[in-house]
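**Student:** need a 3D model of the following:
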Amino acid sequence: MGFDDDLHFCGIATDPVTRNIYVAAEGGVYLVRVHREDRSIWSMFLAKAIQLHARLVESRHPLDGPGWADCKRLFANALGYCTNEHQKGRVLTAQGECEFRNGRFEDAARLWARTEKPFEEAALKFYDTGRRDVLMRYLEDKLSNIAATEKTQLTLICTWLMELYIDQLADLEHKARLSGSRADEEAVKATRTDFVHFMSDNKGSLSRQVSYDLLSGHGRLDLLVEFADQVNDTDCVVEQYIQRGEYKKAAFTLFVKDDAELFYKHSPAIIKHDAEELVTYWIRKGSLDPLRLLPALMHYEAPTDPQRNLAVKFLRHCIENCNNTQVSLHNYMIAQLARSENEGPLYGFLDSKPPHYYDARYALRVCMAHNHLKCCVHIYTEMGLYEEAVDLALQVSPELAKICAVRASERAEPDVVKRLWLRIARRIVERHVSKDRSDTKKLIHEILTECKQLSEDTAMEVPLIRIEDVLPYFPDFVCIDDFREEIESSLKECDEEITRMREEMDISSKTTEEVRAEIAALRNRFRVVHRNQRCEQCRRPLTQQSTAAFYLFPCKHCFHQGCLTALQLDAFTPRQRTRLDLLQAFIANPTARRPGQAQPQPEKSRASALLARLPGLGKTAAAPAAQPAAKPQMTEESAREALFGPAKPAAAAAPKAPVKEAPSAEEEQEEEEPEELPANLTLEQAKQELDDLIAAECPLCGEALIRTVPLPLVADDDPELQS
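**Tutor:** Below you'll find the model as predicted:
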């Protein structure tokens with residue numbers, strides 16, 4: 001409750017039991033309730049501390065005197081009674097002002113860093129003192145009290161501290177150089193250690209590029225490498241090592257960091273100065289792409305000795321240990337091995353790899369450029385250019401040429417292999433015949449022996465070359481007594497071959513006579529037709545009509561001529577049908593005018609033509625393909641029936657004719673071409689051609705019936721199936 005201003009209190013008392021406070025006034029006794037009695041005590045202590053500080057300063061009291069201790073105690077009491085951050089800030093700010101006035105800048109920096117005193121104001125005050133260490137102390141304390149969300153202020157303070165550290169380190173190093181004292185050197189080491197810890201603790205707040213520029217601008221490349229390593233910027237670390245010439249450290253950093261892309265980027269610069277260390281790390285790494293390391297290998301100044309060539313060492317590891325089959329690696333391996341004067345390693349490498357592992361044309365150019373003829377011969381052989389290989393091998397030695405010929409015998413044709421051996425023999429004769437007779441004899445003997453052995457290995461009937469193939473290459477004045485045994489052996493082999501060929505000719509002649517005898521027997525072959533024999537198509541007796549012609553096949557199937565023609569017609573091509581019509585028309589009227597005839601013959605009646613046709617058919621009864629037969633007497637009506645066949649009964653059972661496929665483009669072209677009979681065609685020839693056309697094979701057991709196996713038994717458009 002409130003009190004009037006004119007109310008006079010008479011006294012105050014405390015109840016010792018309840019601890020209540022009572023106030024006596026003119027109007028009565030009041031109970032006093034105490035609430036936050038100490039809420040303003042902090043301000044009372046703060047005011048007393050400020051007043052005491054002013055009196056001490058005015059009286060110039062010594063800083064180590066008891067008065068300053070009482071002042072600090074008052075500030076501590078005021079801080080103890082503060083209940084919020086605002087009150088604490090006012091106390092700390094006032095205490096910091098007092099410490100700053102007393103010259104205790106470190107204490108002032110520590111106190112102000114905990115308050116909300118404007119950063120710029122405090123920093124400028126410390127900067128004006130000329131004390132870098134005090135400013136750094138204030139910035140470090142302020143840095144620890146700033147929230148992590150204030151990224152801009154954090155970056156600003158960290159960058160300022162980095163520059164202060166650099167300046168302080170420079171001053172200490174200069175002082176240490178001038179004094180040379182151990183204490184100054186220890187101070188430099190301690191400051192550098194503090195700086196490294198500072199960068200490590202605040203690497204997330206420091207701007208990477210600004211820090212790089214600041215450190216490089218002051219020439220602190222060692223600290224730049226340290227900071228780049230702390231932020232895992234391996235690219236920058238390696239670049240700095242390369243700029244400083246520390247290539248071993250650069251290679252080791254690449255190996256430790258396990259970044260393949262950095263290997264590909266920096267290897268060309270490192271391999272020029274420390275190839276051995278770098279190649280060792282390449283091999284130990286195992287996960288690098290050798291193809292992307294080829295640009296670095298091209299910067300390597302490799303020695304000509306393959307044993308000391310690190311590029312050969314790395315490529316051999318990739319090809320042999322890692323089973324790499326990339327063409328580019330094999331090509332570069334060939335290029336490195338070709339630089340050596342000794343072509344043994346290159347030849348061994350080419351011989352151990354299939355030709356599709358490298359570019360044969362490129363390898364050939366490289367070997368030619370370095371005059372490695374033996375390797376060129378090998379490449380020619382692998383490319384299948386055996387003649388070129390032998391010609392080049394003969395420039396080296398006959399032994400190498402013989403090796404080429406032996407290899408060619410495994411893949412080339414015998415004629416090609418024979419030409420190769422003849423080339424070798426000819427070159428040997430031309431080169432050695434006038435120099436050393438015994439040497440020529442020895443080489444020729446070796447060639448003939450090897451050819452004979454090759455022939456036996458490949459199961460050839462005759463050797464590849466013999467002495468008679470080589471003799472034309474000898475000059476006329478050369479004595480051939482040295483090859484008497486070879487010549488006699490060759491003559492003996494020729495005689496045996498002639499005898500064998502004569503026996504084969506006798507066997508062939510005997511076989512020919514037997515075939516002729518069988519053909520003659522076939523011409524006289526005949527079969528007996530019973531009078532109740534029926535046609536396989538219409539099931540009528542063959543001899544029902546006296547003039548009906550019929551065909552008898554060796555398989556004993558019989559057909560009327562008309563039935564056979566109708567049965568075969570569906571399997572004919574358009575051209576065969578046209579030919580059939582022309583032949584039937586010609587046989588029916590052989591005197592009709594045809595192309596090529598000068599004068600038309602008088603036309604006979606159709607019946608006469610039919611009667612003239614029947615005797616001819618009887619003459620062909622002994623033909624091996626079919627045996628037509630006919631009776632003598634014939635009327636015009638029976639002749640028509642003989643030519644076109646009897647009417648087929650409705651219920652006659654007949655095999656289904658093969659379905660005609662759609663004509664091809666060639667058949668359509670043949671259809672368009674006009675068909676004509678030759679002008680000199682005789683009646684006998686026409687009858688024979690007609691027999692060959694319709695009676696070439698039996699329709700029930702010939703190839704035409706076999707071709708109908710995949711066809712359906714009933715066609716889709718069969719009227720009985722549709723009904």
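**Student:** helix or strand: which one has residue 551?
**Tutor:** Secondary structure assigned from DSSP states H and E places residue 551 in strand 550-552.
**Student:** name the next helix or strand downstream of that strand, please.
**Tutor:** Trace forward from strand 550-552 with DSSP H and E and the next one is strand 558-560.
**Student:** go through the next helix or strand after that next one and flag the buried ones.
**Tutor:** For strand 558-560, the following helix or strand on the C-terminal side (DSSP H and E) is helix 561-569. In terms of neighbour count (16 or more other CB atoms under 10 Å), helix 561-569 has its buried residues at 561-568. Backbone N, C-alpha and C define where each C-beta goes, glycine included.
**Student:** got a list of what residue 332 touches?
**Tutor:** 294, 297, 311, 315 (CB atoms under 8 Å, 6 or more residues apart in numbering).
**Student:** buried residues, the strand or helix carrying it. List them.
**Tutor:** Using DSSP H and E, residue 332 falls within helix 327-337. Buried residues in helix 327-337, counted by 16+ other CB under 10 Å: 329-337.
**Student:** how near is the residue most central in space within the chain to residue 291?
**Tutor:** The residue lying closest to the centre of the chain (CA atoms, centre = their mean) is residue 326, at 9.8 Å. Separation of residue 326 from residue 291 (CB to CB, to the nearest Å): 6 Å.
**Student:** now swap in residue 129 and tell me
**Tutor:** Applying CB to CB to residue 129 and residue 291 gives a distance of 64 Å.
**Student:** any idea how far the very next helix or strand once past the helix holding residue 332 is from the chain center?
**Tutor:** Later in the chain than helix 327-337, the nearest helix or strand by DSSP H and E is helix 344-352. Centroid separation for helix 344-352 versus its chain: 26 Å, with CA atoms, centre = their mean, to the nearest Å.
**Student:** dump the buried residues of helix 561-569 to a markdown table, plus pLDDT and distance to residue 233.
**Tutor:** Converted to a markdown table, those look like this (pLDDT from 0 to 100; distance: CB to CB, whole Å):
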| residue | pLDDT | distance to residue 233 |
| --- | --- | --- |
| 561 | 84 | 104 |
| 562 | 85 | 103 |
| 563 | 88 | 101 |
| 564 | 86 | 99 |
| 565 | 86 | 98 |
| 566 | 86 | 97 |
| 567 | 84 | 95 |
| 568 | 83 | 93 |
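**Student:** quick one: which of those residues is nearest residue 156?
**Tutor:** residue 568 (108.4 Å; CB to CB).
**Student:** run through the residues that contact the closest residue to the closest one other than its chain neighbours.
**Tutor:** Nearest in space to residue 568, with sequence neighbours left out and distances taken as CB to CB, 6 or more residues apart in numbering, is residue 694 at 5.1 Å. Contact analysis of residue 694 by CB under 8 Å, 6+ apart lists 551, 561, 564-565, 568, 580.
**Student:** point to the helix or strand of this protein where mean pLDDT is at its lowest.
**Tutor:** helix 606-619 (a mean of 40; mean pLDDT, DSSP states H and E).
**Student:** between the contacts of residue 694, which is closest to residue 60?
**Tutor:** residue 568 (147.3 Å).
**Student:** okay, that closest one and residue 363: tell me how far apart.
**Tutor:** Taken as CB to CB, the span from residue 568 to residue 363 is 66 Å.
**Student:** pLDDT below threshold where in the stretch 351-500 of the chain?
**Tutor:** Along the stretch 351-500 of the chain, segments meeting pLDDT under 70 span 412, 428-487.
**Student:** residue 138 touches residue 125, doesn't it?
**Tutor:** No. The criterion here is CB atoms under 8 Å, and residue 138 misses it with residue 125 at 9.1 Å.
**Student:** can you tell me the SS state at residue 689?
**Tutor:** helix (DSSP: H, G, I helix; E, B strand; the rest coil).
**Student:** need the contact list for residue 201.
**Tutor:** Applying CB under 8 Å, 6+ apart, no residues contact residue 201.
**Student:** pLDDT value on it, please?
**Tutor:** Listed pLDDT for residue 201 reads 87.
**Student:** same question for the one 4 residues further on.
**Tutor:** If you check residue 205, the pLDDT there is 85.
**Student:** enumerate every residue touching the closest residue in space to it that isn't next to it in sequence.
**Tutor:** Spatial nearest neighbour of residue 205, excluding adjacent residues (CB to CB, 6+ apart): residue 154 at 4.2 Å. Residue 154 sits next to 143, 146, 148, 202, 205 when contact means CB under 8 Å, 6+ apart.
**Student:** quick one: the residue lying closest to residue 689 once chain neighbours are set aside from residue 550, how far?
**Tutor:** Spatial nearest neighbour of residue 689, excluding adjacent residues (CB to CB, 6+ apart): residue 583 at 6.0 Å. According to CB to CB, residue 583 stands 18 Å off from residue 550.
**Student:** give me the secondary structure label for residue 29.
**Tutor:** Applying three-state DSSP: residue 29 is strand.
**Student:** what strand or helix carries residue 24?
**Tutor:** Residue-wise, residue 24 maps onto strand 21-25 under DSSP H and E.
**Student:** give the pairing partners of that strand; include direction for each.
**Tutor:** strand 9-14 (antiparallel), strand 28-32 (antiparallel) (DSSP bridges).
**Student:** and these as TSV, adding mean neighbour count, mean pLDDT and distance to residue 49?
**Tutor:** Below are those laid out as TSV (neighbours: other CB atoms under 10 Å; pLDDT from 0 to 100; distance: least, CB to CB, whole Å):
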stretch	mean neighbour count	mean pLDDT	distance to residue 49
strand 9-14	10	83	30
strand 28-32	11	81	30
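**Student:** now these in TSV, with distance to residue 260?
**Tutor:** Formatted as TSV, the strands paired with strand 21-25 follow (distance: least, CB to CB, whole Å):
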stretch	distance to residue 260
strand 9-14	86
strand 28-32	83
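**Student:** for this structure, which helix is longest?
**Tutor:** helix 484-523 (DSSP state H).
**Student:** centre of the chain to it, how far?
**Tutor:** 59 Å.
**Student:** one more: stretch 386-393?
**Tutor:** 35 Å.
**Student:** go on, stretch 204-219?
**Tutor:** With CA atoms, centre = their mean, you get 45 Å for stretch 204-219.
**Student:** pLDDT below threshold where in the stretch 51-200 of the chain?
**Tutor:** Ranges of the stretch 51-200 of the chain meeting pLDDT under 70: 59, 61-68.
**Student:** just the helices from the stretch 401-550 of the chain, written as ranges.
**Tutor:** 414-432, 437-457, 467-470, 484-523 (DSSP state H, counting those that start in this stretch).
**Student:** same thing with the stretch 1-150 of the chain?
**Tutor:** Under DSSP H, counting those that start in this stretch, the stretch 1-150 of the chain gives helices at 41-58, 66-80, 85-102, 105-112, 119-128, 132-144.
**Student:** run the chain-centre distance for the second one.
**Tutor:** Taking CA atoms, centre = their mean, the mean C-alpha location of helix 66-80 is offset from the chain mean by 83 Å.
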